[in-house]
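>>> one predicted model, sequence on top.
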Amino acid sequence: MTSTEEQPVSVMPIMNMVYGLWVSQTLVTAHERDLFGRFAARPGMTPAELAGLLDLEERPVEQLVTACAALGLLQRDGEGYRNTPMTTRYLLRGGEDYAGGWVEIVSRHDYPGWLRLDEALRTNRPTAWDSERRDSLFDDENPVVVESFWEGMSAISRPTARTLAQAVDLSGDLSLLDVGGGGGAYAIELSRAYPSLRTTVFDLPFVCDLTQKKVEQAGFADRISFAGGDFFSDPLPTGQDAVLLSMILHDWDVDQCRKILRSCYDALAPGGRLLISELLVADTKDGPLDATLMSLSMLVETFGRNYTGAEYREWLLETGFAEVEIRRFDAPAANGVVIARKPG
C-alpha cells in the first residue's frame, strides 16, 4: 500500500456505539445489586462467594463481575476481586463524592424515555414523563421521585461547582442568587470556596424545603437562605451582586430562556454579574459529544435543548447585558461558564 492510498475505515466506532447500552446496563445492574458495597465490606471476595450473598447462581454473577473488571469498576485480588480507587470514591453509598445518585436517576428516569427516542422525534414531546398530565418535569412532588432526582443532580453538580469556583472569582462580601438551585450543591460548594459569600437559593417551595435539610447538614444555614417561587411567575429577589443559572436554561425553549434572562437582569444590582454554567454546544453545532448528547436527552426530558455560546451571547446583549465572556473548563455538568455584566 502506498502512502497516498487511504487507510481502511474501521467499523469499530459503530460497534462501540452499539455496545453503549451493554456498558450502561452493566454499571446500573451492579450498582442496584450493591456489588461495590459488598466488595468494600469483603475485599477479595470470589464470584462464588458473592453469588451466595446475592442468593444467585454463580454463572451470571461471574459474568457480571468480569464485565465490571473489564470496565475498571473492579480489579483482581488473588482468587477474587476488590473495588478500584474510582469505584471506592464515587460508587460507595454515603461517600462525599458519591455519584451513584446520577446512575440511579438516569436509569430510572432517562433510559425509559431514551428507548422511545423515535417517538420523541415524531411528536416533539418528552417521553420520559407524561407531558399530557403534567406541565413540566419539575412539578412532580412525589417524595421518591423528588429525592432521587435531586440526589442524582447533586452527584454531578458537586464536582462541577468546585470547578466553577476556580473559574470565577466570587471573593469579597458578595450576594449570590442561585436560581433553580435545588439540591444546594452549588450554594454549598461555592460557600466552601468563598467564606464571605452569602447565597440565596430560589426554587419551587417544596424543593427549597428539601434543600434546606442538605444545607443544614453541611453547616451553612447561617450563610445560605431560601426564597420559594416560580421563576416564570414570581419576581426574583433583587439587589444581587451575582446571579447563577447552572443547568437551568437547557430545560426550556428559546422564548422561556429569554424570559428567565430578563428576570435575572432585573434581579442584579448595577454592575452585577450573571453566570450561566452549562454544557455548551459548539457554535458550529458539531460537538462536543457530552453537550450534544445532553441536548438530545432534553428531547426526551424537556422542551428545551443545549445552546451554543453564540446564542447565549446574542440573547444576553439583547437583554441589556454587556461584557459577555465565555470561560471554558472541564466538569461533569458543564464545559464552561458564560459571564455577562449588567451595566453600572
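Yes, it's here.

>>> what about residue 242, which SS state?
Following DSSP: H, G, I helix; E, B strand; the rest coil, the label given to residue 242 is strand.

>>> give the contact list for it.
170, 174-177, 268, 272-275 (C-beta atoms under 8 Å, 6 or more residues apart in numbering). Where C-beta positions appear, they are placed from N, C-alpha and C, glycine not excepted.

>>> phi, psi of residue 15?
Dihedral angles of residue 15 (phi, psi; degrees, to the nearest 10) stand at phi -60, psi -40.

>>> sorry, slip of the keys, the one I care about is residue 37.
For residue 37, the backbone dihedrals are phi -70, psi -40 (criterion: degrees, to the nearest 10).

>>> neighbours of it, how many?
Other residues lying near residue 37 total 16 when counted by other C-beta atoms under 10 Å.

>>> between the contacts of residue 242, which is nearest residue 184?
If you rank the contacts of residue 242 by distance to residue 184 using C-beta to C-beta, residue 176 comes first, at 12.7 Å.

>>> and the closest one, what does it touch?
Residue 176 is in contact with 170, 187, 190, 197-200, 240-244, counting by C-beta under 8 Å, 6+ apart.

>>> ok, back up a step: out of the contacts of residue 242, which one sits closest to residue 254?
residue 274 (17.2 Å).

>>> lowest-confidence one in the contacts of residue 242?
For these, the weakest pLDDT value sits at residue 174, with 92.

>>> grab the nearest non-local neighbour of that one.
Excluding the flanking residues, the one nearest residue 174 by C-beta to C-beta, 6 or more residues apart in numbering is residue 241, at 4.3 Å.

>>> that neighbour contacts residue 274, correct?
No. Using C-beta atoms under 8 Å, residue 241 makes no contact with residue 274, being 10.9 Å away.

>>> got any residues that touch both of these two?
By C-beta under 8 Å, 6+ apart, residue 241 and residue 274 have these common neighbours: residue 268.

>>> what about the closest residue to residue 182 other than its chain neighbours, how many residues nearby?
Closest residue to residue 182 apart from its sequence neighbours, by C-beta to C-beta, 6+ apart: residue 207 at 3.8 Å. Close neighbours of residue 207, defined as other C-beta under 10 Å, add up to 23.

>>> who's more crowded, residue 241 and residue 274?
Between residue 241 and residue 274, counted using other C-beta under 10 Å, the more crowded position is residue 274 (26 against 18).

>>> so the more buried one lies in a helix, does it not?
No. Counting by three-state DSSP, residue 274 is located in no helix; its state is strand.

>>> doesn't residue 268 make contact with it?
Yes. The pair residue 274 / residue 268 is scored as a contact, 6.6 Å apart, by C-beta under 8 Å.

>>> so what sits against both of those two?
Counting by C-beta under 8 Å, 6+ apart, the shared contacts of residue 274 and residue 268 are 242-243, 342.

>>> nearest to residue 314 among these?
Closest to residue 314, out of all of the shared contacts of residue 274 and residue 268 and judged by C-beta to C-beta, is residue 342, at 16.9 Å.

>>> leaving out sequence neighbours, find the closest residue to the closest one.
Leaving aside its sequence neighbours, residue 342 sits nearest to residue 268 (C-beta to C-beta, 6+ apart; 4.4 Å).

>>> ok, the one you found - how many residues close by?
So residue 268, with other C-beta under 10 Å, has 22 neighbours.

>>> of the shared contacts of residue 274 and residue 268, closest to residue 329?
residue 242 (17.5 Å).
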